[in-house]
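Undergrad: Let me see the structure of the following:
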Amino acid sequence: MIDIDSDTESDTESDTVDEQDEKALEDVYHDRNLLACALAVATGAPSGWKPAPDAGDEWAIVWIETPMGQTSWHVPVDLAESIGPMQRDSDYGGYSREQKNDVLASWAEAGCPF
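TA: I've put the predicted structure just below:
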């Protein structure tokens, strides 16, 4: 005899785990977005935000021009607006995520000078 209640409970537990994983990922991205905005403001480096041209009205690009190169992140536009008015536009420098992370690591190792 198949225990239907047991299968249903297992499915519910699986859904709960998936929902928890999704929530945890949302939390990680929110933390990352806050950090990107804080870094743009706190370092004193030329920085700002602009609407993301390929992502509708919900997303913006927060950018920083470091002495080691440019960095940028897509963040929700309401969060970008919280760092202040939109700043001058910065042309995308053309880099991969790995290259951006190398720039950030070099800048951090140097003490984030500007």
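
Undergrad: what residues are up against Pro67?
TA: 45, 107, 110, 113-114 (Cβ atoms under 8 Å, 6 or more residues apart in numbering). From N, CA and C alone the C-beta is placed, and that goes for glycine too.

Undergrad: Name the nearest residue to the residue nearest the centre of the chain, ignoring sequence neighbours.
TA: Nearest to the mean C-alpha position of the chain, by Cα atoms, centre = their mean, lies Asn33 at 3.9 Å. Nearest in space to Asn33, with sequence neighbours left out and distances taken as Cβ to Cβ, 6 or more residues apart in numbering, is Val75 at 4.2 Å.

Undergrad: just the helices in this protein please.
TA: In the chain, the segments counted as helices under DSSP state H are 4-42, 77-81, 97-109.

Undergrad: In contact with Gly93: list those residues for me.
TA: 69-70.

Undergrad: What separation is there between it and Glu65?
TA: Separation of Gly93 from Glu65 (Cβ to Cβ, to the nearest Å): 9 Å.

Undergrad: what's the answer for Asp57, then?
TA: For Asp57, the distance to Glu65 (Cβ to Cβ) stands at 25 Å.

Undergrad: more neighbours, those two?
TA: The neighbour count for Asp57 versus Glu65, taken as other Cβ atoms under 10 Å, is higher for Glu65 (16 against 8).

Undergrad: ok, what's across the strand from that one?
TA: Beta bridges link Glu65 to Gln70, judged by DSSP bridges.

Undergrad: Tell me the confidence at it?
TA: Looking at Glu65, its pLDDT is 91.

Undergrad: One more: Thr43?
TA: 88.
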